[in-house]
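Novice: can you look at this prediction? I've put the sequence above it.
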Amino acid sequence: MSQVTVEFYGIPRVRAGVCSVVMNADCLGDLLNQLADRFPGLADSCLRGHELAAGYTANINGDRFTRDATASLSDGDAVLILSVDAGG
């Protein structure tokens, strides 16, 4: 399993109650499942099982935005969870 840092911005940060967390996952879907288990408030509003709810996206290493649950993660990756209107 790859160790990744997850950062939350906007509504996801409020719902999770933390700014960031380190977790182990090999794909975005696995990571989202673990986040849903660990942060029920986040799961209720921002996640739908192993997918992001409508209006939310993930950014991996500042390089790409994705909602693809099969997106692979590598050791040391940084994953940002935010609403699609953040910073707008």
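Specialist: Okay, I see it. Numbering: from 1, shown residues only.

Novice: next, Leu31: phi, psi?
Specialist: phi -60, psi -50 (degrees, to the nearest 10).

Novice: revised request: answer the last question for Leu42.
Specialist: With angles defined as degrees, to the nearest 10, Leu42 sits at phi -70, psi -40.

Novice: ok, now Leu32?
Specialist: Dihedral angles (degrees, to the nearest 10) for Leu32: phi -60, psi -40.

Novice: mind listing what it touches?
Specialist: Applying CB atoms under 8 Å, 6 or more residues apart in numbering to Leu32 gives the contacts Leu47, Gly49, His50, Glu51, Leu52, Ala69. For every residue, glycine as well, the C-beta is placed using N, CA and C.

Novice: roughly how far does it sit from Ala25?
Specialist: 8 Å (CB to CB, to the nearest Å).

Novice: what of Tyr9?
Specialist: Using CB to CB, which is the criterion applied here, Tyr9 is 19 Å from Ala25.

Novice: those two - which one has more neighbours?
Specialist: Applying other CB atoms under 10 Å to Tyr9 and Ala25 shows that Ala25 carries more neighbours, namely 21 against 15.

Novice: no further queries at this time; thank you.
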